[in-house]
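# task: produce atomic coordinates for the following.
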Amino acid sequence: MSIFDKIRFVFICLFISSGAIVPITAALAADGTSLAPAATGDTEATRALQEAELRKALAEAERAELLAQLPPASIRPLEGKLDTRQFGAAGLVRAVDLANALAVEVCAALPLDARTAVYDAATSTGIVAARSVDDALLRLADELARRNKDLQLYIDAHTPPGAVPATLALALTVVPAVLRASADTAALFKTDVTATGLAYGEGARALFVSALAQACPQRIAGLGSGYLGELDGAQHERLLGKLRSLATHRADYANRIATLQRLADSAKGDDKREMAAVATSAGAVLKAVDAFIDSLRAGETGDRSPLTNAARYLGYAQRTAGALVLDFDLRLEGMSIVKDSLFGGQKLRLSAVALLWYRVHAPDGSLRLARTVRRMAEPVEVDLRGAAVGGGFWEGRVP
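Sure, this is the predicted structure:
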């Protein structure tokens, strides 16, 4: 039944009721019956009903006002609530304690027959590149010394008429490719290798390495990152000495090329063309040597200079020669739990979790030791109330 049908039905019922009451009232009036007592009783009943409804409405209003002032029944403050959004950095304190404990455990597990160096990918790449630069300096100096000798013999042979060694021109044309390959070793320093930490942040690895150095400094040969000895002047001076030796050979080679060029200018026919070809090949060798020397950037400092980087990594490689290699990965996370209680106040508990897996290798790559460790620090409670402040605090004086 629709709303309109319901309204129509109620209206009809009221109409019928009113039609039935009018004749009855008229009949009673004709008979002389008095309606006053009945009307009086109906009025008192209606008034009583209205007073009851008013009291009910007042009670509901008072109840609603009381509920609005009180918390809902679903809140139970005495049970407390957990909130980990506060004091986030406080849990890292417990993580540091856990890292120190793990470092002591790892130190006890390291082999006793040799010292150990911490593996770092960027440092390993730097050591390989530094050795390439060092080898290129020695090799190019030896090569130029030999070429100087051969070129001098060629010049001596052509100052008076004489024969030319058949292999000289061929050998001079092979060297530039070798020198250019050596010059490309400077590009190894452009490799971007980074180590990342988890949960604790970028400092997790550095934290654990420092904890190892604190726990057993006599067992650790190198930390793998950070300061590697770039202020050590001995290594830098040694490389500069090799570079000066190469520069000396280069200057002698340039002088002999100039001498050969003068001989070619005064020669004629086939001798002129042959000497010009040899001088051109020697000039290509000289350009390759110059490119290699320029790539070392000996006059610059910092990461922009491969020579400075080579001195840094060669010194570290010398100090860690023959040491075992410790390769590890660490997940370190601090946890802080704040408990709020209506009557107990606020309490702070600190804990930490660590997942560590590490391997110890010999320098040739063979495995000596491998372990996985997981630890969870026992929670500790911190009193957040602290000490009571004195009168100076309220007066604004700095304690």
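# C-alpha from now on. contacts and neighbour counts both.
Will do.
# how is this protein divided into domains?
3-69, 79-93+322-384, 124-197+228-319 (automatic domain parsing).
# pLDDT below threshold where in the chain?
For the chain, applying pLDDT under 70 flags the ranges 1-41, 64-89, 160-202, 302, 340-346, 384-389, 391-399.
# how about the strands of it, start to end?
With strands called from DSSP state E, the chain shows them at 81-83, 116-118, 198-199, 220-222, 324-341, 345-361, 367-376, 380-382.
# give me the contact list for the second one.
When you say that, I think you mean strand 116-118. 110, 209, 219-224, 320, 323-327 (Cα atoms under 8 Å, 6 or more residues apart in numbering).
# and if you look at the fourth one?
In this structure, residues lying in contact with strand 220-222 by Cα under 8 Å, 6+ apart are 115-118, 212-213, 316, 319-320, 323.
# if you set the cut-off to 7 Å instead, what comes out?
115-118, 213, 320, 323 (Cα atoms under 7 Å, 6 or more residues apart in numbering).
# what's the closest of those residues to residue 238?
residue 320 (18.5 Å; Cα to Cα).
# quick check: phi and psi at the closest one.
Per-residue torsions, residue 320: phi -100, psi 10 (degrees, to the nearest 10).
# so how far is residue 219 from it?
12 Å (Cα to Cα, to the nearest Å).
# buried ones in the top helix by length along the chain, by neighbour count?
Counting residues, the longest helix found in the chain (DSSP state H) is helix 121-158. Across helix 121-158, burial judged by 16 or more other Cα atoms under 10 Å covers 122-134, 136-137, 140-141, 143-145, 147-148, 150-152, 154-155, 158.
# check which helices and strands it sits against.
Packed against helix 121-158 by the contact rule (3 or more Cα pairs under 7 Å, 6 or more residues apart in numbering; DSSP states H and E) you find helix 233-266, helix 306-319.
# among the ones you listed, which is nearest residue 50?
When the helices and strands packed on helix 121-158 are compared (using Cα to Cα), the closest one is helix 306-319, at 99.4 Å.
# other SSEs contacting that closest one?
helix 121-158, helix 233-266.
# quick check: angle from the first one to helix 233-266?
The one in question is helix 121-158. Between the axes of helix 121-158 and helix 233-266, defined by axes from the mean of the first three to the mean of the last three Cα atoms, to 10 degrees, the angle is 30 degrees.
# and the angle from helix 121-158 to helix 306-319?
Using the same axes, to 10 degrees, helix 121-158 lies at 110 degrees relative to helix 306-319.
# returning to that earlier point: residue 253 is nearest to which of the strands of the chain?
strand 220-222 (42.1 Å).
# okay, now the sheet partners of the closest one, with direction.
strand 116-118 (parallel) (DSSP bridges).
# who's in contact with residue 137?
242-243, 246.
# closest to residue 373 out of those?
residue 242 (47.6 Å).
# now that closest one: closest residue in space, sequence neighbours ignored.
residue 137 (6.3 Å; Cα to Cα, 6 or more residues apart in numbering).
# that neighbour and residue 311, how far apart?
For residue 137, the distance to residue 311 - Cα to Cα - is 13 Å.
# and if you look at residue 224?
16 Å.
# please apply the same query to residue 214.
The value you get for residue 214 to residue 311, if Cα to Cα is used, is 27 Å.
# same question for residue 249.
From residue 249 to residue 311 the distance is 22 Å (Cα to Cα).
# between those two, who's got more neighbours?
Each of residue 249 and residue 311 has its neighbours counted (other Cα atoms under 10 Å); residue 311 has more, 29 against 21.
# my guess is that one meets residue 237, correct?
No: counting by Cα atoms under 7 Å, residue 237 is not a contact partner of residue 311; they are 8.5 Å apart.
# which residues touch residue 328?
Residue 328 touches 357-359, counting by Cα under 7 Å, 6+ apart.
# which of those count as buried?
For these, buried by 16+ other Cα under 10 Å: residue 359.
# turn the contacts of residue 328 into a markdown table, including distance to residue 59.
Converted to a markdown table, the contacts of residue 328 look like this (distance: Cα to Cα, whole Å):
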| residue | distance to residue 59 |
| --- | --- |
| 357 | 70 |
| 358 | 73 |
| 359 | 77 |
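# return the member of the contacts of residue 328 nearest to residue 335.
Minimum distance to residue 335 across the contacts of residue 328 is 20.9 Å, recorded for residue 357 (Cα to Cα).
# I'd like the distance between the closest one and residue 106.
Distance from residue 357 to residue 106, by Cα to Cα: 10 Å.
# repeat for residue 51
86 Å.
# do residue 96 as well
15 Å.
# more crowded one of these two?
residue 96 (20 against 16).
# for the more buried one, which non-adjacent residue is closest in space?
residue 207 is the one closest to residue 96 (Cα to Cα, 6+ apart), at 7.7 Å.
# residue 95: neighbouring residues, count only.
Residue 95 has 24 nearby residues by other Cα under 10 Å.
# apologies, that question was intended for residue 225.
15.
# phi, psi of it?
phi -150, psi 180.
# quick check: residue 252 vs residue 246, distance?
10 Å.
# more neighbours, those two?
Using other Cα under 10 Å as the criterion, residue 252 and residue 246 rank with residue 246 on top: 22 against 15.
# contacting residues around the closest residue to the more buried one other than its chain neighbours?
Using Cα to Cα, 6+ apart and skipping residues adjacent in sequence, the residue nearest residue 246 is residue 141, 4.7 Å away. With contact taken as Cα under 7 Å, 6+ apart, residue 141 is in contact with 245-246, 249.
# how far away is the residue nearest to residue 242 from residue 231?
If you go by Cα to Cα, the gap between residue 137 and residue 231 works out to 21 Å.
# repeat for residue 138
Distance from residue 138 to residue 231, by Cα to Cα: 23 Å.
# for residue 50, same thing?
For residue 50, the distance to residue 231 - Cα to Cα - is 100 Å.
# and what of residue 291?
Relative to residue 231, and taking Cα to Cα, residue 291 is found at 27 Å.
# who has more neighbours, the two?
Per other Cα under 10 Å, whichever of residue 291 and residue 231 has more neighbours is residue 291, with 16 against 13.
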